[in-house]
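*Asks:* Need coordinates for the following:
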Amino acid sequence: MRLLAIPEKGGKTSYEIDQQNPEQTITCARSLFPQAGYSPCWYVKPRINQPIPMTIIRVSIDRLEGID
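*Replies:* The predicted structure follows:
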């Protein structure tokens, strides 16, 4: 299950399940180094259950007025 870590006001973080892609199959290489574009399994497995950090980008309305 993919969790998103969403920053909120006051330094708090809320966690939500990724609605668009709740589960993802990850292919890894059983080797010491990356092979054929896949990361090694020893590197991937501990990171599977970590929340994905999200960032909030604030855009000024003044900047958007000049965009057509």
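*Asks:* The residue lying closest to residue 5 once chain neighbours are set aside and residue 28, how far apart?
*Replies:* Closest residue to residue 5 in three dimensions, ignoring its sequence neighbours and counting by Cβ to Cβ, 6 or more residues apart in numbering: residue 51, at 3.9 Å. (Each C-beta comes from the backbone N, C-alpha and C, glycine too.) Residue 51 sits 20 Å away from residue 28, going by Cβ to Cβ, to the nearest Å.
*Asks:* circling back to that earlier point, the residue nearest to residue 5 and residue 2: what is the separation?
*Replies:* Per Cβ to Cβ, residue 51 is found 8 Å from residue 2.
*Asks:* higher neighbour count, these two?
*Replies:* Remark: of residue 51 and residue 2, residue 2 carries more neighbours, 17 against 14, as counted by other Cβ atoms under 10 Å.
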